[in-house]
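# structure for the following, please:
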Amino acid sequence: MEILNKKTVAFWGRACFLCISLFFSLCVSAQNKQAAIWYFGKNAGLDFNTNPPTLLTDGQINTLEGSSVASDENGNLLFYTDGVTVWTKNHQIMPNGSGLYGHTSSTQSAMIVKHNSTPNLYYIFTTSAADIGSNGFCYSVVDINQNNGFGIILPSKKNIKLLEESSEKITAAFHANGNDIWIFSRKNQTNQWYAYLLTENGLTSTPVISAVGLNTLAGYGQAKTSPSNDLMMCADISMANVESKTQVEFFSLDRSTGKLQLIATSPAYTNSTFYGIEFSPNGQYAYLNLTNFLTWKTQILQVKIVDNMPDFSNIQTIAEFKYPPSNTLSSGALQVAIDGKIYISMLSKYLSVINNPNNFGSSCNFSLNSINLSPKSSNEGLPTIFQTFSLINTISVSGDNCDNIRNFSIQNYSKISNLIWDFGDGTTSVAQKPMHAYATTGAYTVTLTITYTDNTTQTITKEIEISEKPPKPTIEHE
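Residues are numbered from 1 along each chain as shown. Predicted coordinates:
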């Protein structure tokens, strides 16, 4: 009879476990800080130019749900809006900045987007409240160079209607050319998604329409695009009653055409509502905010994304809570910030935080009520941000501890013209996702130099360790 040496087997088993589970990632400063300032809720605000973020109490916003904020690439405030009123950086109403067609009770009442070819022009896309009577899906244009740099809304470009009856959903993604931007909204109580392309010549008037997914009764709940901009998800909600059902839909996004294709739908939950949703910065997880209307308990769920497909077979509940008074929502929107964390509105003086959203299960480190906004407070909404502004560039290193080969990548390839990898052993690569074999064991500093399409550069380093291979199992004879 042949047996294995027990100590060797135990060592080999642990090593092979590491072979399967080894995965490294590094979050670093974003290319710019255009999402560094937040204003939301009842005059609440946060400044992510510091870590942890600094509380802001000078905001004029007092809204139930959505908002949006524009900052420059250095993180300096330019203007902000609740979808109805626009305030300048000195917190005064912008000229012509009243009466926009958003709504204080719209999930994503506004999203601010600019095209790099026209850096002085900012587009404010707005949605009205779907169940109150809709002004539809509209846009207005801010020229930030006017009014001594405080900006004005151009009179000829205010409340330009794109869609007569819209839901409360807005999201955006870069075109495949890395420069133009697709803007998405859904026609209310239909499965029709409308995509409009923002180019250097302005917004196209003819939408790309994708009739995919569910026909839902209620138009609220967030829509989000993934870090790679080729996946989109949205919270779908039936009306809030004891017969209601809710699901989250996932779509593949063709960045060349703007077309969407339904690829997966979450399990349906009865007597419940999905509202806030968000992708992790590395794109490997989706976080979903689910509230039960009968118990009024809220769950934060984590769904793993594998090969751009959600895996619903192992949904993780990373948090569950309920706040008095009963019969009210406990939390609302989810939004990733430039620090790589996901923030959750709590309809109170607090925000909760997912501190390590790139990690699986409880290791994502959910922290209840960890940001105190007092004397201000949050409602259901957080700022709606063009995701590329808020995403942290990520270096990922994956590999098998049983050999010396490592695979390298970054999460956000948008607007990148050139990459140079230095593996720390005298070899380099210009591939987007290189694979490299190290000749010897030891510690190495991997350096990545990124050149963006606007000719700015960024350098990221990552320390890695190439370990000695574990010994092979030995066989003993009795």
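# and Cys402, that one's in a strand?
No: under DSSP: H, G, I helix; E, B strand; the rest coil, Cys402 falls outside any strand and is assigned coil.
# grab the CA positions of stretch 289-299 and hand them over as CSV.
This file holds the C-alpha atoms of stretch 289-299, laid out as CSV (Å, rounded to 0.1, in the frame of the first residue of the first chain):
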residue,chain,number,x,y,z
ASN,A,289,-30.2,47.1,-2.4
LEU,A,290,-33.3,45.1,-1.6
THR,A,291,-36.1,46.2,0.7
ASN,A,292,-39.1,44.0,1.7
PHE,A,293,-42.4,45.9,2.0
LEU,A,294,-43.9,43.6,4.6
THR,A,295,-41.0,43.5,7.1
TRP,A,296,-39.3,46.7,5.9
LYS,A,297,-35.9,45.0,6.3
THR,A,298,-33.2,46.0,3.9
GLN,A,299,-30.6,43.6,2.5
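# in it, which residues are buried?
289-293, 296, 298-299 (16 or more other Cβ atoms under 10 Å). All C-beta atoms are positioned from the backbone trio N, CA, C, and that covers glycine.
# would you mind giving the domain segments of this structure?
Using automatic domain parsing, the domain parsing of the chain gives 2-26+404-477, 32-390.
# quick one, which of these is nearest to Ser396?
domain 2-26+404-477 (4.9 Å; Cβ to Cβ).
# report all helices and strands that the lengthiest strand in the chain contacts.
In the chain, with assignment by DSSP state E, the single longest strand is strand 309-321. Strand 309-321 sits against strand 260-265, strand 298-306, strand 366-372, with contacts defined as 3 or more Cβ pairs under 8 Å, 6 or more residues apart in numbering; DSSP states H and E.
# ok, now which ones touch Trp193?
By Cβ atoms under 8 Å, 6 or more residues apart in numbering, the contact list for Trp193 reads 184-187, 209-213, 251, 260.
# secondary structure class for it?
strand.
# so where does the closest residue to it other than its chain neighbours fall, helix or strand?
Closest residue to Trp193 apart from its sequence neighbours, by Cβ to Cβ, 6 or more residues apart in numbering: Ser210 at 4.6 Å. In the assignment (DSSP states H and E), Ser210 maps to strand 208-211.
# swap in Gln458?
Using DSSP H and E, the element containing Gln458 is strand 457-466.
# flag every buried residue along that strand.
Residues of strand 457-466 classed as buried: 458, 460, 462, 464, 466 (neighbour count, 16+ other Cβ under 10 Å).
# most widely separated two among these?
Of all pairs in those, the most separated under Cβ to Cβ is Gln458 and Ile466 at 25.4 Å.
# contacts only, for the closest residue to Gly332 other than its chain neighbours.
Spatial nearest neighbour of Gly332, chain neighbours left out: Glu380 (3.3 Å); criterion: Cβ to Cβ, 6+ apart. By Cβ under 8 Å, 6+ apart, the contact set of Glu380 is 64-65, 107, 275, 329, 332-333, 345, 347.
# cross those against helices and list the overlap.
Among the contacts of Glu380, no member falls in helices (DSSP state H).
# can you select the buried ones from the residues you listed in PyMOL?
Buried residues within the contacts of Glu380, by 16+ other Cβ under 10 Å, are selected in PyMOL with:
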select buried, resi 64+65+107+275+329+332+333+345+347
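# nearest to Asn51 among the contacts of Glu380?
Checking the contacts of Glu380 one by one against Asn51 (Cβ to Cβ), the nearest turns out to be Ser345, at 20.3 Å.
# next, count neighbours for the closest residue to His103 other than its chain neighbours.
Among residues not flanking His103 along the chain, Ala129 sits closest, at 4.0 Å (Cβ to Cβ, 6+ apart). By other Cβ atoms under 10 Å, the residues close to Ala129 number 22.
# ok, now which ones touch Ala129?
Here Ala129 is in contact with 103, 105-106, 168 (Cβ under 8 Å, 6+ apart).
# at 10 Å what do you get?
64-66, 83, 102-107, 109, 135, 168, 219-220 (Cβ atoms under 10 Å, 6 or more residues apart in numbering).
# tell me which of these is nearest to Thr384?
Taking Cβ to Cβ as the measure, Thr384 lies nearest Gly66 of the contacts of Ala129, at 5.4 Å.
# okay, the closest one and Tyr220: tell me how far apart.
According to Cβ to Cβ, to the nearest Å, Gly66 stands 10 Å off from Tyr220.
# okay, those two: which has more neighbours?
Using other Cβ under 10 Å as the criterion, Gly66 and Tyr220 rank with Gly66 on top: 33 against 26.
# Tyr285 versus the more buried one, what's the distance?
24 Å.
# surely Val353 meets Ile342?
Yes: using Cβ atoms under 10 Å, Val353 is in contact with Ile342, at 7.0 Å.
# neighbour count for these two, which is higher?
More crowded of Val353 and Ile342, by other Cβ under 10 Å: Ile342, with 25 against 21.
# beta partners for that one?
Beta-bridge partners recorded for Ile342 (DSSP bridges): Val336, Ile354.
# low-confidence ranges in the stretch 251-400 of the chain?
The stretch 251-400 of the chain contains residues with pLDDT under 70 at 323-330, 388-395.
# please enumerate the strands of the stretch 1-150 of the chain.
2-4, 23-27, 37-40, 44-47, 54-56, 68-71, 77-81, 86-88, 110-114, 121-127, 137-143 (DSSP state E, counting those that start in this stretch).
# out of these, which one sits most buried?
Most buried of the strands of the stretch 1-150 of the chain, by mean neighbour count (mean count of other Cβ atoms under 10 Å): strand 37-40, with a mean of 28.
# packing partners of that one?
When contacts are defined as 3 or more Cβ pairs under 10 Å, 6 or more residues apart in numbering; DSSP states H and E, strand 37-40 packs onto strand 44-47, strand 54-56, strand 68-71, strand 77-81, strand 342-345.
# tilt between the fourth one and strand 137-143?
Between strand 77-81 and strand 137-143, the angle formed by their directions is 150 degrees, by axes from the mean of the first three to the mean of the last three Cα atoms, to 10 degrees.
# Asp230 and Leu253 touch, don't they?
Yes: assessed by Cβ under 10 Å, Asp230 is found in contact with Leu253 at 5.2 Å.
# which neighbours do those two share?
173, 308.
# compare the two (neighbour count), which wins?
Leu253 (25 against 17).
# was I right about that one contacting Trp182?
Yes: with contact defined as Cβ under 10 Å, Leu253 and Trp182 form a contacting pair (7.9 Å).
# most neighbours among the contacts of Trp193, please name it.
Ser185 (30 neighbours).
# please tell me I have it right and that one contacts Tyr194.
Yes: Ser185 is in contact with Tyr194 according to Cβ under 10 Å; the separation is 5.7 Å.
# shared neighbours of these two, anything?
137, 162-163, 166, 207.
# name the helix or strand for Asp236, please.
Residue-wise, Asp236 maps onto strand 231-237 under DSSP H and E.
# who does whatever helix or strand comes next after that strand pair up with?
Tracing the chain C-terminally past strand 231-237 and defining elements by DSSP H and E, one meets strand 245-253 next. Counting by DSSP bridges, the strands paired with strand 245-253 are strand 231-237 (antiparallel), strand 260-265 (antiparallel), strand 269-270 (antiparallel).
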